[in-house]
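Requesting a structural model of the entry that follows:
(2 chains)
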Amino acid sequence: MSPSFAPLPASVDLPAVEQEILERWDKRDVFRRSLEQTAQGEPWIFYEGPPTANGTPGTHHVEARAFKDLFPRFKTMRGYHVPRRAGWDCHGLPVELAVEKELGFTSKGDIERYGIAEFNAACRESALRNVSAFAAMTERMGYWVDLDEAYMTMAPRYVESVWWSLKTIFDKGLLVEDHRVTPYCPRDETPLSDHEVAQGYEDDVDPSVYVRFPLTDGPWAGASMLVWTTTPWTLPSNTAVAVERSVVYVRVHHDGEDLVLAEDLVGTVLGEQSTVEARLTGADLIGSHYTRPFDLLAADRFGDAFRIVHGDHVTTDAGTGLVHMAPAFGAEDHLVAKNEGLEMVNPIGSNGHFLADVPLVGGMFFKAADPTLIEDLIARGVMFRAESYEHSYPHCWRCHTPLIYYALPSWFIRTTAIREKLLAENEGTNWYPPHIKHGRYGAWLENNVDWALSRKRYWGTPLPIWRNDADPSEVVVVGSLAELGQHAGQDLTELDPHRPYVDDITFPAPSGTGTMRRVPDVIDVWYDSGAMPFAQWGAPHHHEADFEQAYPAQYICEAIDQTRGWFYSLMAVGTLVFDRSSYENVVCLGLLLDEHGRKMSKHLGNILDPFELFSTHGADAVRWLMLAQGSPWVDRRVGHETLREIVRKVLLTYWNTASFLVTYANAAGWSPSADAPEPTHVMDRWALGELQGCVSEVTAALDDFDSSRAGRAIVAFIDDLSNWYVRRSRRRFWDGDPAALATLHRCVETVSRLMAPFTPFATDYLWTLLQGEGGSGLPEGTPDSVHLAPWPSISDLPDDDGGLRSAMDLVRRVVELGRSTRAASGVRTRQPLSRAVVSAPGFASLDAELLAEIAEELNVARVETAGSELVQLDVKPNYRALGKRFGKQTPTVADAVKASTDAPVDGVLTVTVDGAPVELSGDEIVISETPREGWAVRSEGGLSVGLDTELTDELREAGLLRDVLRFVQDARKRLGFEVSDRIELWWTAGRADTAAAIRNGADTLATECLAVSISEGEGPAELSAQPSEDLGLTIRARVA
RNA sequence: GGGCCCAUAGCUCAGUUGGUUAGAGCGCGUCGCUGAUAACGACGAGGUCGAUGGUUCAAAUCCAUCUGGGCCCA
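Here you go, the predicted model:
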């Protein structure tokens, strides 16, 4: 008969096991079957946020992917249907830049010369190349997601869906053309994305100037506003001065002139010696006119300008509270200008130089004009003060040229029009951690600005807008290639909807005159990913029903840097197109740091290669770190040391417990059966109670998306199981006790299912092995993978055995204290003692079985309740209870309790407080014991354990026998015997007491070390002699 | 400059609604235990719970300010 279980050595190569499991999943098609099996289940929809395929995967990608895998696996085991489709973000500047680097390009000119078709082909190739690296990482880490049907944002169907959605938005009147102030590199002549700007800040020394703006009318005509700016080059474009309505402004007399500025800033700007002559609020000043600092540009270009307006962005944190406005060069200025109907006057060309016809600074690079302008202001007496200061200013991250904020025509989605709707959708969204909802994300939504969609680039979804070259106001937005074909009068359904091919499609204007040509922009790559709920299906042109069924998602998960990225674009696109957000629950992860707490970056060279981590420690260990180590919401450190600890502490403890079970189950010929008897042994009942607690804790935690709480519960259980249940139950396993084997089997089997979503490899290996795979075989109807098994349910387990878990806690605390007592008394545990006495609340109610556990663990013959010979009663105050009753008097009462020398009578203690007797009872006092002298006693937290350390001859001999036994067991191990081998044993002893102990305890010795014979004498000479100097003993042994 | 988050032992992290001796693991030292374990147990060294102020009978916990770190944004 084959053993029930395949052999399971304690030592294991986890990465090798993972390879085996990967092959098995592939061969058995487990992922697909897990979806089929749940096909009738309630859908639980997950959306994969597409990683940008612009480089090789890093360890931080493993983090998000571990979470993307965990909850779908969990929900699948609970019977939900969780379709999972991979996706790849293929477009965008990151891809373009990677290709430019490969090709050695430095500017858009290089690309145009190379050819857009060729360049985009290279981008496509680059994206595909990196996709395969991501796919390999995805598979290796055990992230189950359908890679074969992955959506790609560059696929024609995907692009067509995006077009359709943009047309929908256009039809709602929310897609409009406008000017936008963007960060712009004047050397490369391109606008930059926010992401690029963020990595290009450099420290600069810039001017800091206070300029007089004399008021010509209004309440304070004649006085000069003090206006502060750090960009003198924008002063020729000055259009207005912004104030904040509610801020108090003052007119002060200073050095013979009248100046105007915010009251809060008088001290900072002018010092103490100035007299305030009048006060007004910003609202009173709005509408006043002033003389502008330069008239290098014709005044009529500005229209109704040079007046005071309101600006939300004005603060009194810095400057003067009077803000110079140059709408062509500042996003906020631009916004205010739009509301105020101010013109945008821009004297700077696209190359960053002042236009040649501008007096004084014509032809100068914008920043280089600062000194000239400052000099002129000083010469004309307009300058109040000129200083310089150091601050960080954005530079082009490629050529280090200072950026200019520059207004360019661009297409916008008017998200501000649906701001309230977005806020409402956010209210209905569950964020993990919750603070993101109204913090980082919500606060940002509140300040939503229109979505600048255009990119003056090449590799992206082309903006599907065709415009009449004869009449720019006539535009057609196209929702599909078929639609475009209809306009153009040809079949374009097979056209590649990318540049330059779509650029070539023109058609006569519907109005009759002119030709419709595509607006050359491509769109922001974030829009692509935000459109994935429908675009992954090609909906509505294809799979409309599939899309409907899978919208919105119940679950998405990314790292926190996606707050304004995908989390926003997904919610915004959904709300724009379908009037509702695309997701209900969103898990937002912290970032990964290296072992020293620094952010991982290629620049620092502290990137960890995920494949290397997988082959060194195993994907299970890396996943466990991501999912359960520390708080996923908070930044965390990743390093080899942590991973080694996880392997040892979590995975190997789990593995070895299973290995132990298999060893003894096979030795006993035991196999699991459905009709196992009800557990009766106290250890079994306890273990199953703990298991039940673990199942309910892990389930609740995962329902709440709290993987680390679930992980802690699992680790605690595994530790209890291995280091208490197994440790205390070893003898029953040696004896092949079916109840113990059944209990342990159940615990390991169940915890395997709980862990399966975390560590899918080791759990699958062990779970199927414990079902009989490789041994007696899987029973009919048993899934051939843990991932096809149902989630454990509490109702499958026996009821928590009333109070047993807390009773066992007490037992373990008593044992702990007993060991401590042993250590303090210097009597080692192997030496049996006659009795231990215990004093502890609740100890009296422990039943005999539990007392036996204590006795055995402490190696004493009896455990007794301590009387007054061991301890004296002590009364301590319980502050929590006293505080409720006595409030401010609490310390006084507490002192009275501590000072009390009386013992409580029937649990009631009477103390005198302020001359009056006060009765304390119940939980107001804590009765504890302190040990008396003369015993080996230790006390802690109200518990005391004492040991009777008197040694009789009998006890001494028993101790000696244990030493002999220990020595024989050691020898068995040295000689390489199997744990179940029966042996023949010969011995000679030079010490009389050792000899006596062996002679008197031969039966015990034989049973304990599985000896079929114990003979006094040298034994066969060919066997190696095993001597012990301490015991004066030499033995020989062989397998019987 | 703004918003948000974080700060507990050398390291990684727990710490429920505020309750008086702040815990665990790793690492280190000593001792012990071992018939699964790369284990396990006891003891020890190691903490002004980032700082200051406040609320309270009572603060690691609540509030304010500050410092340091991080992310996002200007």
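
Would you mind naming the residues that bridge with residue A:353?
residue A:365 (DSSP bridges).

Let me know whether it touches residue A:363 as I believe.
Yes. Counting by Cβ atoms under 8 Å, residue A:353 does reach residue A:363; the two are 5.9 Å apart. C-betas here are computed from N, CA, C, even on glycine.

of these two, who's got more company?
Each of residue A:353 and residue A:363 has its neighbours counted (other Cβ atoms under 10 Å); residue A:353 has more, 19 against 13.

what sits against that one?
By Cβ atoms under 8 Å, 6 or more residues apart in numbering, the contact set of residue A:353 is A:186, A:363-366.

same question, residue A:431
Contacts of residue A:431 (Cβ under 8 Å, 6+ apart): A:437, A:441, A:586, A:588.

which residue packs closest to residue A:997, ignoring adjacent ones?
Excluding its sequence neighbours, the residue lying closest to residue A:997 (Cβ to Cβ, 6 or more residues apart in numbering) is residue A:960, at 4.1 Å.

Let me know how buried residue A:969 is, in neighbour terms.
Residues near residue A:969, counting by other Cβ under 10 Å: 15.

Look at it and tell me its secondary structure.
Assigned by DSSP: H, G, I helix; E, B strand; the rest coil, the conformation of residue A:969 is helix.

which residue packs closest to it, ignoring adjacent ones?
Spatially, and ignoring its direct neighbours in sequence, residue A:969 is nearest to residue A:1009 (6.0 Å; Cβ to Cβ, 6+ apart).

right, and the one you found touches residue A:972 too?
Yes. Judged on Cβ under 8 Å, residue A:1009 makes contact with residue A:972 at a distance of 6.8 Å.

list residues touching both of these two?
In contact with both residue A:1009 and residue A:972: residue A:983, using Cβ under 8 Å, 6+ apart.

quick one: which two of the contacts of residue A:353 are the most distant?
In those, two members sit farther apart than any others by Cβ to Cβ. They are A:186 and A:363, at 13.5 Å.

Quick check: residue A:723 is in a helix.
Yes. Judged by three-state DSSP, residue A:723 forms part of a helix.

returning to what we had before: what's the spacing between the residue nearest to residue A:969 and residue A:40?
Distance, residue A:1009 to residue A:40, using Cβ to Cβ, to the nearest Å: 58 Å.

Next: residue A:257.
The value you get for residue A:257 to residue A:40, if Cβ to Cβ is used, is 84 Å.

the more surrounded of these two?
Using other Cβ under 10 Å, the more surrounded residue of residue A:257 and residue A:40 is residue A:257, with 13 against 8.

Contact partners for the more buried one?
Contact analysis of residue A:257 by Cβ under 8 Å, 6+ apart lists A:223-224.

One more pass at 7 Å, please.
Applying Cβ atoms under 7 Å, 6 or more residues apart in numbering to residue A:257 gives the contacts residue A:224.

Not counting residues beside it along the chain, what's closest to residue A:753?
Nearest non-adjacent residue to residue A:753 (Cβ to Cβ, 6+ apart): residue A:792, at 5.2 Å.

Check the secondary structure at the one you found for me.
At residue A:792, secondary structure determined by three-state DSSP is coil.

That one reaches residue A:750, doesn't it?
Yes. Applying Cβ atoms under 7 Å, one finds residue A:792 in contact with residue A:750, separated by 4.8 Å.

tell me which of the contacts of residue A:353 is nearest to residue A:1017?
residue A:186 (101.0 Å).

how far away is the closest one from RNA strand B?
With distances taken as Cβ to the nearest atom of the strand, to the nearest Å, residue A:186 is found 18 Å from RNA strand B.

Pretty sure that residue sits against residue A:405.
No. Look at residue A:186 against residue A:405 with Cβ under 7 Å: they stay out of range, at 11.0 Å.

More neighbours: the two, which one.
residue A:186 (22 against 19).

Give me the neighbour count for the closest residue to residue A:789 other than its chain neighbours.
Take residue A:789 and drop its neighbours on the chain: the residue closest to it by Cβ to Cβ, 6+ apart is residue A:783, 5.0 Å away. Close neighbours of residue A:783, defined as other Cβ under 10 Å, add up to 17.

How about the backbone phi and psi for residue A:783?
phi -60, psi 150 (degrees, to the nearest 10).

could you check the distance from it over to residue A:346?
Distance from residue A:783 to residue A:346, counting by Cβ to Cβ: 69 Å.

Same check on residue A:771?
Residue A:771 sits 74 Å away from residue A:346, going by Cβ to Cβ.

OK, contacts around the nearest residue to residue A:414 once chain neighbours are set aside?
Residue nearest to residue A:414 in three dimensions, not counting chain neighbours: residue A:174, with 4.5 Å by Cβ to Cβ, 6+ apart. By Cβ under 7 Å, 6+ apart, residue A:174 lies in contact with A:413-414, A:417, A:576.

One more pass at 8 Å, please.
A:413-415, A:417-418, A:576.

again with residue A:446
Going by Cβ under 8 Å, 6+ apart, residue A:446 touches A:419, A:423.

Figure out the helix or strand that the residue nearest to residue A:288 when sequence neighbours are not counted lives in.
Distance criterion Cβ to Cβ, 6+ apart; nearest residue to residue A:288, sequence neighbours excluded, is residue A:218 at 2.8 Å. Assigned by DSSP states H and E, residue A:218 falls within no helix or strand.

what about residue A:351, how many neighbours?
Neighbour tally, residue A:351, other Cβ under 10 Å: 10.

tell me the SS of it?
coil.

where's it relative to RNA strand B, distance?
In terms of Cβ to the nearest atom of the strand, residue A:351 sits 23 Å off from RNA strand B.

For that residue, grab phi and psi.
Given degrees, to the nearest 10, the pair of backbone angles that residue A:351 has is phi -90, psi 10.
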